[in-house]
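Visitor: fold the following.
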Amino acid sequence: MSSAAIQEYQVQTIDVLMLSVVVLFVGMFLTRKIRFLGQNHIPPAVTGGLIVSIGVALLDTLAGLKITFDLALRDVLLLAFFSTIGLSAKFRLLLTGGKALVILIIVSAVFLVLQDVVGVLSALLLGAHPGYGLLAGSVSLAGGHGTAIAWGEVAQEAGLEGAQEIGIAFATLGLIAGGLIGGPIAGRLINKHKLRPSQASDTRSTSSSAADDGDPWSATVKLPDVLATILALAVCIEVGSLVNRLLFEKGVLLPGFLTSLFAGIVITNLADTFKIRLNQASIDRLGEISLNLFLSMSLMSMQLVTLANALGPILLVTIMQMLVITLFVMFVIFRLMGRDYDAAVITAGFAGLGLGATPVAIANMSAITSRYGPSPKAFLIVPLIGAFFIDILNAATIKGFINVITRMLS
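Guide: Just a heads-up that it's a prediction; the model follows:
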């Protein structure tokens with residue numbers, strides 16, 4: 001079909017919003033009906049969004065109709081989501097983690113570097129630009145869909161064609177992989193070393209309470225709390241934008257979501273200092289809404305046609321990253337965490353966190369503790385890493401690798 005015959009249609013902002021909500025409902029329905037999706041904790045936005053993007057690709061290929069989306073609202077939702085992460089980062093909560101938390105923070109930083117080294121080397125071996133290697137590393141895997149899309153946009157602006165789509169593909173495969181390997185790794189360690197929990201409390205109470213604590217929808221949120229949180233998010237976004245402009249004038253380039261995240265950290269800890277109450281349930285709720293709408297818009301607008309030629313290398317590199325994290329959690333994290341039952345449960349959580357997201361980590365650990373017994377230590381430490389540190393450490397790691405790659409290519 002000639003290029004002259006191709007028609008283009010852009011979906012406008014309000015229509016994008018309506019469609020993204022429909023995408024979420026479709027994804028939720030399919031997650032309830034299809035066991036594989038539920039067992040592997042695939043986000044409804046990913047399921048519904050992929051269906052729409054497949055339809056868009058078919059229309060492009062078969063009918064010559066190229067559909068694009070106005071994603072201005074999506075960019076605001078990205079800033080709002082990372083602002084909620086910052087607003088959740090209260091320093092006083094970090095003191096409860098103790099020595100094990102400090103060790104796992106250091107180990108996480110090392111792993112992020114290793115993950116990016118594997119990604120960049122894979123890209124070079126495949127004859128691709130090393131920047132794609134970061135998308136095959138901590139940008140998409142440890143970072144997840146939100147980080148993949150955010151940095152993918154930066155990469156596309158730098159000239160890496162299809163960077164967002166490739167990042168989303170790695171993030172989606174990583175999410176599945178993290179849910180598949182975490183439980184078997186911990187189960188093997190527990191059985192091989194004949195490990196048992198240190199305290200004999202009811203197995204269901206630990207895992208279920210952890211799940212409840214992580215569920216923002218289980219708490220009642222009042223209107224003043226929601227309004228105060230919206231105001232805090234707006235301040236985070238505005239302060240982040242101001243800081244970004246000041247840094248840009250000095251030649252320092254940072255993605256907007258990162259400065260909004262740090263603004264949130266400053267605001268929530270100042271609020272703690274001056275005894276100003278921010279409702280965590282409303283922060284969690286708005287964060288989940290922002291993330292799901294953001295993912296819906298991003299996944300349904302993904303141009304799958306650009307991924308067709310890269311699918312084989314993406315699968316190959318994902319398998320390599322699965323092997324790397326398996327060896328890392330078994331021979332590094334398990335040993336440094338004490339080679340006991342808690343350490344084994346932490347390996348399951350870290351596998352989910354390093355390849356997917358915090359909910360995958362919690363799901364992995366819940367599966368293990370429901371069978372073998374509780375691990376309060378694991379349910380304390382791993383969510384803290386996921387909530388507070390992984391994005392901050394990852395941003396620093398990515399920025400460092402970008403500087404190295406820039407020097408390599410200059």
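
Visitor: hmm, residue 254 is touching residue 244, no?
Guide: Yes: using CB atoms under 8 Å, residue 254 is in contact with residue 244, at 6.3 Å. For the C-beta atoms, the positions are set from N, CA and C on the backbone; glycine is no exception.

Visitor: overlap in contacts, these two.
Guide: Between them, residue 254 and residue 244 share no contacting residue under CB atoms under 8 Å, 6 or more residues apart in numbering.

Visitor: where does residue 127 land in three-state SS?
Guide: coil (DSSP: H, G, I helix; E, B strand; the rest coil).

Visitor: what separation is there between it and residue 229?
Guide: 47 Å (CB to CB, to the nearest Å).

Visitor: which one of those two has more residues nearby?
Guide: When residue 127 and residue 229 are compared for neighbours, residue 229 comes out ahead with 25 against 7, by other CB atoms under 10 Å.

Visitor: show the pLDDT at the more buried one.
Guide: On the pLDDT scale, residue 229 is placed at 93.

Visitor: please name the nearest non-neighbouring residue to it.
Guide: Once flanking residues are discounted, residue 229 sits nearest to residue 282: 4.3 Å by CB to CB, 6 or more residues apart in numbering.

Visitor: show me what contacts that neighbour?
Guide: 221, 225, 226, 228, 229.

Visitor: is it true that residue 226 touches residue 286?
Guide: Yes: between residue 226 and residue 286 there is a contact under CB under 8 Å: 7.2 Å.

Visitor: which one's more surrounded, these two?
Guide: residue 286 (23 against 16).

Visitor: what helix or strand is the more buried one located in?
Guide: helix 280-300 (DSSP states H and E).

Visitor: so for the following helix or strand past that helix, mean pLDDT?
Guide: Where DSSP H and E defines the elements, the next helix or strand beyond helix 280-300 is helix 311-328. For helix 311-328, mean pLDDT is 93.

Visitor: helices or strands next to the helix or strand just after helix 311-328 in the packing?
Guide: Later in the chain than helix 311-328, the nearest helix or strand by DSSP H and E is helix 334-336. Using 3 or more CB pairs under 8 Å, 6 or more residues apart in numbering; DSSP states H and E as the contact test, the elements touching helix 334-336 are helix 98-125, helix 341-355.

Visitor: the ones you listed: which one's closest to residue 43?
Guide: Minimum separation from residue 43 across the helices and strands packed on helix 334-336 (CB to CB) falls at helix 341-355, 13.5 Å.

Visitor: between the closest one and helix 98-125, how many degrees?
Guide: Comparing the axes of helix 341-355 and helix 98-125 via axes from the mean of the first three to the mean of the last three CA atoms, to 10 degrees yields an angle of 40 degrees.

Visitor: between helix 311-328 and helix 341-355, find me the angle.
Guide: Using the same axes, to 10 degrees: helix 341-355 against helix 311-328 is 160 degrees.

Visitor: so which elements touch helix 341-355?
Guide: The contact analysis (3+ CB pairs under 8 Å, 6+ apart) places helix 341-355 against helix 98-125, helix 163-192, helix 311-328, helix 334-336, helix 358-372, helix 376-384.

Visitor: so for the fifth one, what gets flagged as buried?
Guide: If you call a residue buried by 16 or more other CB atoms under 10 Å, then helix 358-372 has these buried ones: 358-369, 372.

Visitor: what's the answer for the longest one, then?
Guide: For helix 163-192, the buried set under the neighbour-count rule, 16+ other CB under 10 Å, comprises 163-183, 185-187, 189-190.

Visitor: what is that helix packed up against?
Guide: By 3+ CB pairs under 8 Å, 6+ apart, helix 163-192 packs against helix 44-58, helix 130-135, helix 144-157, helix 280-300, helix 311-328, helix 341-355, helix 358-372.

Visitor: what's in contact with the fifth one?
Guide: Residues outside helix 311-328 that contact it (CB under 8 Å, 6+ apart) are 111, 114-115, 118-119, 122, 126, 128, 136-137, 141, 166, 169-170, 173-174, 177, 181, 185, 307, 350-351, 354-355.

Visitor: if you set the cut-off to 6 Å instead, what comes out?
Guide: 111, 118, 122, 126, 136, 169, 173, 177, 351, 354, 355 (CB atoms under 6 Å, 6 or more residues apart in numbering).

Visitor: for the fourth one, grab phi and psi.
Guide: Per-residue torsions, residue 126: phi -90, psi 0 (degrees, to the nearest 10).

Visitor: and it, how many neighbours does it have?
Guide: For residue 126, using other CB under 10 Å, the count is 15.

Visitor: next one: the residue lying closest to it once chain neighbours are set aside from residue 166, what distance?
Guide: In space, and not counting its chain neighbours, residue 126 is closest to residue 313: 5.3 Å by CB to CB, 6+ apart. Using CB to CB, we find residue 313 at a distance of 9 Å from residue 166.

Visitor: tell me which helix or strand of this protein sits lowest on mean pLDDT?
Guide: Ranked by mean pLDDT, DSSP states H and E, the weakest helix or strand in the chain is helix 203-213, scoring a mean of 39.

Visitor: what count of nearby residues applies to residue 107?
Guide: Residues near residue 107, counting by other CB under 10 Å: 18.

Visitor: need the per-residue pLDDT for it.
Guide: Looking at residue 107, the pLDDT reads 96.

Visitor: how about it, what does it touch?
Guide: Neighbours of residue 107 in contact, by CB under 6 Å, 6+ apart: residue 333.

Visitor: can you check residue 19 too?
Guide: Counting by CB under 6 Å, 6+ apart, residue 19 has no contacts.
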